[in-house]
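Asks: what's the 3D shape of this:
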Amino acid sequence: MTLDDLATLIASRKDADPSSSWTAQLLAKGPEKCAEKFGEEAIEAIIEAVKGDKAGLTSEAADVLYHLLVMLTACDVSLDDLLTELGKRQGTSGIAEKASR
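Replies: Residues are numbered from 1 along each chain as shown. Predicted coordinates for the structure are as follows:
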């Protein structure tokens, strides 16, 4: 599954019956709950990275990507919007990009 496939699947659940899927349940709870879940998963990924647990980090990183896409969907930000923003930054050093903010 690609990130595009996952983003499309998540978007298809935005107006679905919350009893039909976990994604629909999250989206029905609104952006705040989606952001909270994303934060929880990010912390879990950090813990696995610090522990040096590659398998654990891989699993948690998948959760982070999923919950990031759910949060973006809840906030009406598409994967294409995100990729466009990343494209604007291509060829710019991270130091220069950060200084421009």
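Asks: Residue 30 touches residue 73, doesn't it?
Replies: No. With contact defined as C-beta atoms under 8 Å, residue 30 does not reach residue 73; the gap is 11.5 Å. In short, each C-beta sits where N, CA and C put it, glycine included.
Asks: between these two, which one's more packed in?
Replies: Using other C-beta atoms under 10 Å, the more surrounded residue of residue 30 and residue 73 is residue 73, with 22 against 11.
Asks: do you know how far the more buried one is from residue 12?
Replies: Residue 73 sits 10 Å away from residue 12, taking C-beta to C-beta, to the nearest Å as the criterion.
Asks: and if you look at residue 58?
Replies: Going from residue 58 to residue 12 by C-beta to C-beta gives 26 Å.
Asks: and residue 5, how many neighbours does it have?
Replies: 9.
Asks: element containing it, please.
Replies: Assigned by DSSP states H and E, residue 5 belongs to helix 3-12.
Asks: neighbouring contacts of that helix?
Replies: Helix 3-12 is contacted from outside by 23, 27, 65-66, 69-70, 72-73, 78-79, using C-beta atoms under 8 Å, 6 or more residues apart in numbering.
Asks: Name the residues of stretch 17-34 that are buried.
Replies: 23-24, 26-28, 33-34 (16 or more other C-beta atoms under 10 Å).
Asks: measure the residue most central in space within the chain to residue 48 for me?
Replies: The centroid of the chain falls nearest to residue 68 when counting by C-alpha atoms, centre = their mean (1.2 Å). To residue 48, residue 68 is 16 Å away according to C-beta to C-beta.
Asks: what do you get for residue 26?
Replies: 22 Å.
Asks: And residue 23, by the same measure?
Replies: From residue 23 to residue 48 the distance is 23 Å (C-beta to C-beta).
Asks: Also residue 80?
Replies: Distance from residue 80 to residue 48, by C-beta to C-beta: 30 Å.
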